[in-house]
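Participant: next comes the sequence, and after it the predicted model I'd like to discuss.
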Amino acid sequence: MSTTGREDKKRYLRYAAVVLLVVFCVSAVLLGLSIWENRHSAFTEDNSAPSEVLEYEGEDYVLRDDIEAFLVMGLDKYDVVVDNTAFNNDRQADFLLLLVFNNTEKTCTGIHINRDTMAEMNVLGVAGEKIRTEFGQITLAHTYGNGKEVSCRNTVDAVSGVLLNVPIKHYASITMDAVPAYNDLVGGVTLTVLDDFTGVDDTLVQGEVVTLMGEHAVNYVRGRHGVADSTNMNRMKRQRQYLTELYKKTESCLAAEEGFEVKAVASVKDYIVSDCTVKQLETLLNRFAEYDFKEIIELEGDSQVSNGHLEFYPHDDSVKKAVVSLFYEKEE
């Protein structure tokens, strides 16, 4: 492998590892927190199923049975949801990363889903039941449901639908509160500001090297309107840059301070919702540590503005290529 290839691989590894570190909260495993046990809800599972056989470029591919997918959601709101019975909420899933584990080849690949992706999503009734579907930005799927498990499951189904109904076994969501909490725990993140934040956060000057602290870190990874071209594609670049540097700081803290992981979970554990048990999270963490992390895929597509809102339409071939390469194998 070339030097550039190794560097790219390390960069992708840092990006995904920090997402897993913050979302899974490996220290929760060490502390034995018995949270996130598969929770009950009124939500009716979507019965859509992937095709057992897909034709791609003139050849047939069959669905693999050794693939396990895990959806990571970053929510755009603060505070802990108190009402667990409501049928809608105002929390959008601004960050969507599907981690695909190949348990035979022992590899992991990420698919970064644009939050503006136009998709079919379930609209839920007052009891959490599916009453119809709606076509809109995939980020809105989380706004249907109780803001916790039901909303996460609804988002999982929307992401699965975009990806030709591939099975997504587990999920975890984390709110924006975790960003400043964890950012400041590691002593801030130093990076070169990529965009012009004038009028949004005047402490962030394009081209300058800054150490992000507190809400400035949130502004950097969350800011979109009034920043550069205001597109989510641009923000996704900043998110990847930030997460790469955050992982570096995490490595330093883990090496320098015994028990740092305990502090890490204390800083973010209240902002996480998942359907995984602690044991399941531990298994996924161990796999991630052992498996070869390949890359993070972004679906190709077209963006447009409609009624004042950005819309992203992934190309069918890009979606099919990603799905076939990760979830299927050539039929023998």
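Facilitator: Alright, I've got the coordinates. Numbers count the residues shown, from 1 in each chain.
Participant: does D60 sit in a helix, a strand or a coil?
Facilitator: Using DSSP: H, G, I helix; E, B strand; the rest coil, the structure places D60 in strand.
Participant: that one contacts V53, correct?
Facilitator: Yes: counting by Cβ atoms under 8 Å, D60 touches V53, with 5.4 Å between them. C-betas here are computed from N, CA, C, even on glycine.
Participant: overlap in contacts of the two?
Facilitator: Common contact partners of D60 and V53 (Cβ atoms under 8 Å, 6 or more residues apart in numbering): E331.
Participant: and the helices in the stretch 101-250 of the chain?
Facilitator: Remark: helices assigned in the stretch 101-250 of the chain by DSSP state H, counting those that start in this stretch are 149-162, 178-185, 215-222, 232-256.
Participant: need the winner for burial among those helices.
Facilitator: Among the helices of the stretch 101-250 of the chain, helix 149-162 has the highest mean neighbour count (mean count of other Cβ atoms under 10 Å), at a mean of 25.
Participant: now for it, which elements pack on it?
Facilitator: If you count contacts as 3 or more Cβ pairs under 8 Å, 6 or more residues apart in numbering; DSSP states H and E, helix 149-162 packs onto strand 67-75, strand 93-102, strand 118-124, strand 170-174, strand 272-274.
Participant: rounded mean pLDDT for that helix, please.
Facilitator: Over the span of helix 149-162, the pLDDT mean works out to 94.
Participant: go on, stretch 266-279?
Facilitator: Rounded mean pLDDT across stretch 266-279 is 77.
Participant: quick revisit: make TSV out of the helices of the stretch 101-250 of the chain and add distance to Q92.
Facilitator: Formatted as TSV, the helices of the stretch 101-250 of the chain follow (distance: least, Cβ to Cβ, whole Å):
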stretch	distance to Q92
helix 149-162	10
helix 178-185	15
helix 215-222	11
helix 232-256	11
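Participant: now this protein, which segments are flagged as low pLDDT?
Facilitator: Scanning the chain for pLDDT under 70 picks out 1-47, 77-87, 127, 261-262, 265, 278-279, 281-282, 285-286, 288-289.
Participant: got a list of what the residue lying closest to V209 once chain neighbours are set aside touches?
Facilitator: In space, V209 comes closest to T192 once its chain neighbours are excluded; the distance is 5.3 Å by Cβ to Cβ, 6 or more residues apart in numbering. Remark: with contacts taken as Cβ under 8 Å, 6+ apart, T192 is in contact with G207, E208, V209.
Participant: from those residues, which land in strands?
Facilitator: Judged by DSSP state E, the contacts of T192 include V209 as members of strands.
Participant: which among the contacts of T192 gets closest to F70?
Facilitator: For the contacts of T192, the residue nearest F70 by Cβ to Cβ is V209; the value is 34.1 Å.
Participant: give the contact list for the spatially closest residue to A181 that is not a sequence neighbour.
Facilitator: Distance criterion Cβ to Cβ, 6+ apart; nearest residue to A181, sequence neighbours excluded, is S267 at 4.3 Å. Neighbouring residues of S267 by Cβ under 8 Å, 6+ apart: A178, A181, Y182, L185.
Participant: separation between the residue nearest to V209 and E245?
Facilitator: 10 Å (Cβ to Cβ, to the nearest Å).
Participant: list the contacts for V179?
Facilitator: Counted by Cβ under 8 Å, 6+ apart, V179 has contacts A217, V218, V221, R222.
Participant: how about 6 Å then?
Facilitator: A217, V218 (Cβ atoms under 6 Å, 6 or more residues apart in numbering).
Participant: pull out the buried members of the contacts of T192.
Facilitator: For the contacts of T192, a burial check counting by 16 or more other Cβ atoms under 10 Å picks out nothing.
Participant: put together CSV for the contacts of T192, with distance to E134 on each row.
Facilitator: Below are the contacts of T192 laid out as CSV (distance: Cβ to Cβ, whole Å):
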residue, distance to E134
G207, 42
E208, 43
V209, 44
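Participant: could you single out the nearest of the contacts of T192 to R287?
Facilitator: For the contacts of T192, the nearest to R287 is V209 (35.8 Å; Cβ to Cβ).
Participant: quick check: F101 vs L140, distance?
Facilitator: 28 Å.
Participant: the closest residue to A158 other than its chain neighbours: how many residues sit nearby?
Facilitator: Spatial nearest neighbour of A158, excluding adjacent residues (Cβ to Cβ, 6+ apart): A141 at 3.9 Å. The number of residues packed around A141, counting by other Cβ atoms under 10 Å, is 29.
Participant: thanks a lot, see you next time.
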